[in-house]
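1. the sequence and its predicted three-dimensional model are supplied below.
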Amino acid sequence: MNAMEANMRPLMIDAFPKGEYREKLISLFFDKFHAKLDVQQLVDMAIPAYKKYYSDEEIKQLIAFYQTPLGQKMLDVAPKLVAETQAAGQTWGAQLGRECMQEVLAEHPELANALENATKTAQAQK
């Protein structure tokens, strides 16, 4: 949940116009979100997926693993690791996307001109 909030917060900041109200609005939203959060509902939704991919014996083995020091470390580190790798992947994907678009527009000047004209038309209509 912390990783989800860490991902959502910047998106919400970008979604709302700047102003003194914004941080308070977002904080109150997350206060409300946390108050309504029912972890048992999430567990109940996850059970069918786990049943689909793991047998009862495998679940018991996973539980035993997570009770070991390495399993405990994995539980502690996994959310941080996922957040870091997702952030790195998003940065990489955005850069790759920019490079590809720049190359396509350089290779196809007619599309670059069409994009420029469409952008000007859209801005003029605002």
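-> Now that the structure is in, tell me what you want to look at.

2. quick check on residue 19: phi, psi?
-> phi 160, psi 160 (degrees, to the nearest 10).

3. gap between it and residue 11?
-> Counting by Cβ to Cβ, to the nearest Å, the separation of residue 19 from residue 11 is 17 Å. (Glycine included, C-beta is placed from N, CA and C.)

4. same thing with residue 57?
-> When residue 57 is compared with residue 11 (using Cβ to Cβ), they lie 41 Å apart.

5. which one's the longest helix in this structure?
-> Taking DSSP state H as the criterion, the chain has its longest helix at helix 69-107.

6. now that helix: average pLDDT?
-> For helix 69-107, the mean pLDDT works out to 95.

7. okay, buried residues for it please.
-> residue 105 (16 or more other Cβ atoms under 10 Å).

8. counting contacts, what elements does it pack onto?
-> Applying 3 or more Cβ pairs under 8 Å, 6 or more residues apart in numbering; DSSP states H and E, one finds that helix 69-107 contacts helix 2-15, helix 56-66, helix 109-125.

9. okay, those helices in CSV with mean neighbour count and distance to residue 98 next?
-> Putting these into CSV (neighbours: other Cβ atoms under 10 Å; distance: least, Cβ to Cβ, whole Å) gives the following:
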stretch, mean neighbour count, distance to residue 98
helix 2-15, 12, 18
helix 56-66, 11, 41
helix 109-125, 10, 14
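
10. can you tell me which of the ones you listed comes nearest to residue 45?
-> Residue 45 lies closest, by Cβ to Cβ, to one member of the helices and strands packed on helix 69-107: helix 2-15, at 14.4 Å.

11. which residues does the helix or strand just after the closest one contact?
-> The helix or strand immediately downstream of helix 2-15 is helix 21-36, counting by DSSP states H and E. Applying Cβ atoms under 8 Å, 6 or more residues apart in numbering, the external contacts of helix 21-36 come out as 1, 5, 9, 12-13, 16.

12. what's the most distant pair in those residues?
-> Farthest-apart pair in the contacts of helix 21-36 is 1 and 16; separation 21.5 Å (Cβ to Cβ).
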